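# Model the following, please.
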Amino acid sequence: MARSNIQWGLLLLNMIETLNANVFWTFEPEVIRIGETLSLVCTVADVDIIDQGLIRQWTKGPELICYNGHPIDPIKYSEIVTNDNQFKLQINNVTESDLQCNYQCRYSFETQTKKIEISRHNFEYPPANETKAIIKSNVSDGSMTVDLHLKKVYPMPICNVTVGDSQMSLDIVKHHTNGIYYEVYMIKRLANSIKCNRDFEVSCQLIKNYSLAVEHINPCKPEAFTDDSETGNELLVSLLTVFIVLIVVIGFLIFKKRLKRRDSDQEEKNEKDTNNDVESQPCTCTSSSNVSDDSKSTTDVNFKEKEKFLSQDSGLGVEDEQQKIF
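Coordinates of the predicted model:
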């Protein structure tokens, strides 16, 4: 009888201690991220160690999810009892449905019920892994533009583009809200002095800083972003090239024109030489009058010589000789 009274007395003292205990829970880590693990830590004040013989219980809204270390879904939930005055409910692969809900921690008859309140200080939804900042190069004026579209983030991010030692903030041009999440459009037009061949880094600050991939939509044209001296040299080379081409073309046209004129002069000369050859050929025909005159002249010369000869040799007179002749 006495032993039974002692046991009841001890149990009554334990119940009194439990009723006087203060139970409250918090979560860790301090920043909640979708897809990671979240732990709800139940702390029992005024005790040094958790008595595993007493009730430990976790509920989510009206749903019981863990009782004395036995979760209803072992893949989603598990319980850890520490060596001091705490026990933890571990929530694996956190989703949106795990947040903004009332959770209750119970130790014996003591409970605390509260909601996981999220804010920009304790929750972040980072940009998706496939998110890329788009660099667009404008070859005509040497400018570049950074475009960034964040489909789902929380809290509102602050994004920057870094080129060498220069860091510039991207401007928010439009944003929408879907529940607690943001869809954000950002843009930044870079100065013309920034060269195409530099390395571009884009990052967004939520609670943690996230680096984003960079993609060039248009091919980067280095010649459009060279120094002024290099640009002047290239312009000079271009002008010289154009001038040389013009000289070659003009020279070719002049040569072609002279060659055509030379061929025309040669044809004209050949035609003239042909006409001269025809005119200079000796005439083989003589007129009857010319023949008669030549014959008469020859006859007169022969007659005089003969007359002279006869007068010397025979002393005959001219008349006698003429009579002989005729």
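
# domain ranges for the protein?
Under the assignment named as automatic domain parsing, the residue ranges that make up the domains of the chain are 2-122, 125-225.

# For the ones you listed, give me CSV that also has mean pLDDT.
Written out in CSV, the entries for these read as follows (pLDDT from 0 to 100):
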stretch, mean pLDDT
domain 2-122, 86
domain 125-225, 87
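
# Let me have these in CSV, adding distance to V242 and mean neighbour count as columns.
Glycine gets a C-beta too; all of them are placed from N, C-alpha and C. Compiled in CSV, the domains of the chain are given as follows (distance: least, C-beta to C-beta, whole Å; neighbours: other C-beta atoms under 10 Å):
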stretch, distance to V242, mean neighbour count
domain 2-122, 61, 14
domain 125-225, 17, 15
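
# Do you have the helices of this protein handy? List them.
With DSSP state H applied, the chain shows helices at 2-20, 228-280, 288-313, 318-325, listed in chain order.

# Export the domains of the chain as JSON lines, with columns for distance to R258.
Below are the domains of the chain laid out as JSON lines (distance: least, C-beta to C-beta, whole Å):
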{"stretch": "domain 2-122", "distance to R258": "84"}
{"stretch": "domain 125-225", "distance to R258": "41"}
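
# Could I get the full set of strands for the stretch 1-150 of the chain?
23-28, 32-33, 38-44, 56-60, 63-67, 70-71, 77-81, 86-91, 102-107, 110-115, 123-124, 132-138, 143-153 (DSSP state E, counting those that start in this stretch).

# closest one to S264 among the ones you listed?
Nearest of those to S264, taken as C-beta to C-beta: strand 132-138 at 56.0 Å.

# quick one on the thing from earlier: now for the strands of the stretch 1-150 of the chain, which one comes closest to I172?
Each of these has some distance to I172 by C-beta to C-beta; the shortest is strand 143-153, at 9.6 Å.

# So in that sheet, which strands flank that closest one, and in what orientation?
Strand 143-153 pairs in its sheet with strand 132-138 (antiparallel), strand 181-190 (antiparallel), by DSSP bridges.

# any idea how far K88 is from Y107?
Per C-beta to C-beta, to the nearest Å, Y107 is found 12 Å from K88.

# ugh, wrong one, I meant D51
Per C-beta to C-beta, D51 is found 16 Å from K88.

# for F24, same thing?
Using C-beta to C-beta, F24 is found at 13 Å from K88.

# again, but for H175
For H175, the distance to K88 equals 37 Å [C-beta to C-beta].

# same check, this time on P29
Here the distance between P29 and K88 works out to 12 Å (C-beta to C-beta).

# mind checking which of the strands of the stretch 1-150 of the chain is nearest I254?
Taking C-beta to C-beta as the criterion, I254 comes closest to strand 132-138 out of those, the separation being 43.3 Å.

# Grab the CA positions of that closest one and hand them over as PDB.
Output in PDB follows, covering the C-alpha atoms of strand 132-138 (Å, rounded to 0.1, in the frame of the first residue of the first chain):
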ATOM      1  CA  LYS A 132      20.100  33.400 -68.200                       C
ATOM      2  CA  ALA A 133      20.900  37.100 -68.600                       C
ATOM      3  CA  ILE A 134      20.800  38.000 -72.300                       C
ATOM      4  CA  ILE A 135      23.500  40.300 -73.700                       C
ATOM      5  CA  LYS A 136      22.400  42.000 -77.000                       C
ATOM      6  CA  SER A 137      25.100  43.800 -79.000                       C
ATOM      7  CA  ASN A 138      24.200  46.600 -81.400                       C
END
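
# Pull the residues that contact stretch 200-218.
Applying C-beta atoms under 8 Å, 6 or more residues apart in numbering, the contact partners of stretch 200-218 are 31, 120-121, 124-127, 131-139, 146, 148, 150, 153-155, 157-163, 170.

# give me that answer again for 6 Å
Stretch 200-218 is contacted by residues 31, 124, 126-127, 131-137, 155, 157-163 when judged by C-beta atoms under 6 Å, 6 or more residues apart in numbering.

# Equivalent analysis for stretch 259-276, please.
So stretch 259-276 is in contact with no residue, going by C-beta under 6 Å, 6+ apart.

# Please tell me how far that stretch is from the chain's geometric centre.
Offset of stretch 259-276 from its chain centre (C-alpha atoms, centre = their mean, to the nearest Å): 65 Å.

# was I right about Q112 contacting R106?
No. In this structure Q112 lies outside contact range of R106 using C-beta atoms under 6 Å: 8.3 Å.

# Could you list everything the closest residue to N68 other than its chain neighbours pairs with in the sheet?
Leaving aside its sequence neighbours, N68 sits nearest to R56 (C-beta to C-beta, 6 or more residues apart in numbering; 5.4 Å). R56 has the following beta-bridge partners by DSSP bridges: Y107.

# again with Y103
Bridge pairing for Y103 (DSSP bridges) gives the partners K60, K114.

# gap between it and V41?
Separation of Y103 from V41 (C-beta to C-beta) stands at 11 Å.
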